[in-house]
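Colleague: sharing a model that was predicted from the sequence below.
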Amino acid sequence: MISRILVGVDGSDDGRRALTWAADLAGRLNAEVVAVHALGLLDRLTPGADLVPSESHRAEIMRIFEQEWCALLDDTTVPNRRLLEDGPPAMALLRVVEAEDVDLLVVGSRGVGGFAELLLGSTSMQLVQHANVPVTVLP
Amino acid sequence: MVIVSVAAAWVLVGAVLGLYEARRGHWHSIWLLGAMAGPFALPLFRQIEQNERLARPVLLSDSSRADHPGVSVLAGVDGSDESVRAARSAAELFGSRLADLTLAVVAEFEVNETMPGPLTSEGEWAAEPKRIAADAAGSLSGWLGFEPATVLLAGRPATALVRYATDHEHDVVVVGSRGRGLTKRLLGSCASQLTTETTLPAMIMPRLVVPPDSKQAAPARAGEPPHRARHDRVATRSRPGSTA
């Protein structure tokens, strides 16, 4: 049985759908959700906004990620954690998969767009190719 | 000389179009048909696909599972051990929350009982996909404790799987990241097409490191991702609350 589900969250609609689906599944399976946002060199404070240097906005990005992008987790009884990880999304997610003994990885098929490090689109393909756990891709 | 050149070009164009179409989900020998049709091969193939769109999936066997709440899974199988293991892994992951499991074999566009004409398939053409479905169901039923449903679809694998899953309200489509079957239908291309095009949750099972002929059914934890060692040296981790 699935006991821990890892979800890639980047503030995009696809990322939110992935989180919604994972939270719903976790509720049905009594599993834990681990939401991860990968902090690159540049990041966006809101989807579509200009890219800003991540490091100087780390605290703000963390707050937005925790309180806004993951807000729907607050409305559930699903046990969950929110991790801000440094590095390109695919690498960051794979690293957490290894470290946290994850059973299932959930990502949107496309992300917020823009630079490659922010594209869940290419991220989902990299994860499908390299992950050693099942990857569920949400439309 | 001119006639010979034109004839050669006719055959060549049609055959190349046919080979391309075979990769898109058509019958593997369709290049012969293409060679005859020449430049008119493409509209001919599209006509076949339009017929496929009107065709209905063929339910080969129904599930023996009584109504059960939970996650409804459609798994693509292609005759490879990996595809069967992917279906089994999905059943393991959902455990007691597995509502039902349907195994789908996706055959060429031409393999469909509703197709008119000489390529009508509900004879020997469908024998191989039917055998694949029956073998997969047989190897899983004992472990599952019920008979999974089996269904024969036709066309481009990713499209056919998603369409059937949508029409029959499956919660998730499951495929192996790579196929190896005799029908060569659920190759890695199916997993990559699902990854980019799916309109339903698509679960891609990891490539297995155990040999294909191994008796071990459980997916082994594969080796480390190729970039992990290099990446770990430069990466740092932070947790919410720890650095804010």
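Modeller: Arrived safely, thanks for sending.
Colleague: tell me which other helices or strands the helix ranked longest in chain A touches.
Modeller: Criterion DSSP state H: the longest helix present in chain A is helix A:13-29. When contacts are defined as 3 or more CB pairs under 8 Å, 6 or more residues apart in numbering or on different chains; DSSP states H and E, helix A:13-29 packs onto strand A:4-8, strand A:32-39, helix A:71-74, strand A:104-108, strand A:135-138. C-betas here are computed from N, CA, C, even on glycine.
Colleague: what mean pLDDT does that helix get?
Modeller: Averaged over helix A:13-29, pLDDT sits at 92.
Colleague: so where is the chain shaky, pLDDT-wise?
Modeller: Just going to use chain A. In the predicted model, chain A carries pLDDT under 70 at residues A:111-121.
Colleague: meant chain B actually
Modeller: In chain B, residues with pLDDT under 70: B:25, B:50-55, B:110-125, B:179-187, B:208-244.
Colleague: if we use 90, what do you get?
Modeller: Low-confidence segments of chain B (pLDDT under 90): B:1-2, B:10-70, B:78-82, B:96, B:106-130, B:142-143, B:152-160, B:177-198, B:206-244.
Colleague: which stretches of it form helices?
Modeller: B:2-23, B:30-37, B:41-54, B:81-94, B:127-144, B:157-167, B:188-197, B:228-234.
Colleague: out of the ones you listed, nearest to A:Val52?
Modeller: helix B:228-234 (21.2 Å; CB to CB).
Colleague: ok, and the closest non-adjacent residue to B:Lys130?
Modeller: Nearest residue to B:Lys130, sequence neighbours excluded (CB to CB, 6 or more residues apart in numbering or on different chains): B:Leu60, at 6.1 Å.
Colleague: from memory the one you found sits against B:Ile132, does it?
Modeller: No. Look at B:Leu60 against B:Ile132 with CB atoms under 8 Å: they stay out of range, at 10.2 Å.
Colleague: out of the two, which sits in the busier spot?
Modeller: B:Ile132 (25 against 18; other CB atoms under 10 Å in any protein chain shown).
Colleague: for A:Leu19, see how far away the more buried one is.
Modeller: 37 Å (CB to CB, to the nearest Å).
Colleague: on that earlier part again, TSV please, covering the helices and strands packed on helix A:13-29 and showing mean neighbour count.
Modeller: As requested, those are arranged in TSV below (neighbours: other CB atoms under 10 Å in any protein chain shown):
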stretch	mean neighbour count
strand A:4-8	26
strand A:32-39	24
helix A:71-74	14
strand A:104-108	29
strand A:135-138	27
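Colleague: relative to chain B, which of the ones you listed is closest?
Modeller: Comparing the helices and strands packed on helix A:13-29 against chain B with CB to the nearest CB, the closest turns out to be strand A:135-138 (4.6 Å).
Colleague: tell me what the closest one is packed against?
Modeller: Counting contacts by 3+ CB pairs under 8 Å, 6+ apart, strand A:135-138 packs against helix A:13-29, strand A:104-108, helix A:120-130, strand B:202-205.
Colleague: of all the ones you listed, which one is nearest B:Val71?
Modeller: Closest approach to B:Val71 among the helices and strands packed on strand A:135-138 (CB to CB): helix A:13-29, 7.1 Å.
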